[in-house]
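Engineer: what's the 3D shape of this:
(3 chains)
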Amino acid sequence: MDKPSFFQDVYEVAKLIPYGKVTTYGAIATYLGAKGSARMVGWAMNGCPAEVPAHRVVNRIGLLTGKHHFHEPNRMQELLESENITVKDDKIENFDYYFWDPMLALGL
DNA sequence: AACGTGACACAGC
DNA sequence: AGCTGTGCCACGT
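Structural biologist: Next up is the predicted model:
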């Protein structure tokens, strides 16, 4: 069975991201208590299971840094636009408006 | 057991 | 205002 790894927690939180919303690696890392390990979150997404909407996870500036990891880089922006999210130059516009904080949403 | 890595974040210039 | 360098923690080999 799966061992309770940091990665698993990242996947769990990522899957909790509501439709039309996005979050940052740092927010997830902070929520998991590993504040500062934002890099770890990105690396966790390296295993990016299909059940995890990785396209909703971007860096703190709303930049689609992980697009290169998708099967098709353009797919990430397409998915975001499909969720009513405006993406310009691989960057999310009104990022603050679409920003979803797990710590706030989960009410911790 | 140790070193290197990694889709970031922050501070400084 | 944008770019560069450093720090960070946990996983893989």
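
Engineer: when you work out contacts or count neighbours from here on, use the C-alpha atoms and nothing else.
Structural biologist: OK.

Engineer: what comes into contact with stretch A:19-38?
Structural biologist: Outside stretch A:19-38, the residues within contact range by C-alpha atoms under 8 Å, 6 or more residues apart in numbering are A:9-10, A:13-14, A:17, A:39-42, A:56-60, A:62, A:80, A:83-85, A:95, A:98-103.

Engineer: what segments of chain A are helices?
Structural biologist: Listed from the start of the chain, chain A has helices (DSSP state H) covering A:6-15, A:25-31, A:38-44, A:73-82, A:95-98, A:102-105.

Engineer: of all those helices, which one comes closest to A:V52?
Structural biologist: For the helices of chain A, proximity to A:V52 was assessed by C-alpha to C-alpha; helix A:6-15 is nearest, at 5.2 Å.

Engineer: buried ones in the closest one?
Structural biologist: For helix A:6-15, the buried set under the neighbour-count rule, 16 or more other C-alpha atoms under 10 Å, comprises A:7, A:9-11, A:13-14.

Engineer: now stretch A:49-68
Structural biologist: Neighbour counts using 16+ other C-alpha under 10 Å place A:52-60, A:62-67 of stretch A:49-68 among the buried residues.

Engineer: restrict the residues you listed to those near DNA strand B?
Structural biologist: A:54-55, A:57-60, A:65-67 (C-alpha under 7 Å from any atom of the strand).

Engineer: now pLDDT too, for those residues, in a markdown table please.
Structural biologist: Formatted as a markdown table, the entries for these read as follows, by pLDDT from 0 to 100:
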| residue | pLDDT |
| --- | --- |
| A:A54 | 93 |
| A:H55 | 93 |
| A:V57 | 94 |
| A:V58 | 94 |
| A:N59 | 93 |
| A:R60 | 92 |
| A:T65 | 91 |
| A:G66 | 89 |
| A:K67 | 89 |
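
Engineer: that older thread, deepest-packed of the helices of chain A, please.
Structural biologist: Taking mean count of other C-alpha atoms under 10 Å as the contact definition, the stretch among the helices of chain A with the greatest mean neighbour count is helix A:25-31, which reaches a mean of 22.

Engineer: for the residue of chain A found nearest DNA strand B, which residues are in contact?
Structural biologist: DNA strand B sits closest to A:G66 of chain A, with a gap of 2.9 Å, by C-alpha to the nearest atom of the strand. Residues counted as contacts of A:G66 (C-alpha under 8 Å, 6+ apart) are A:55, A:58.
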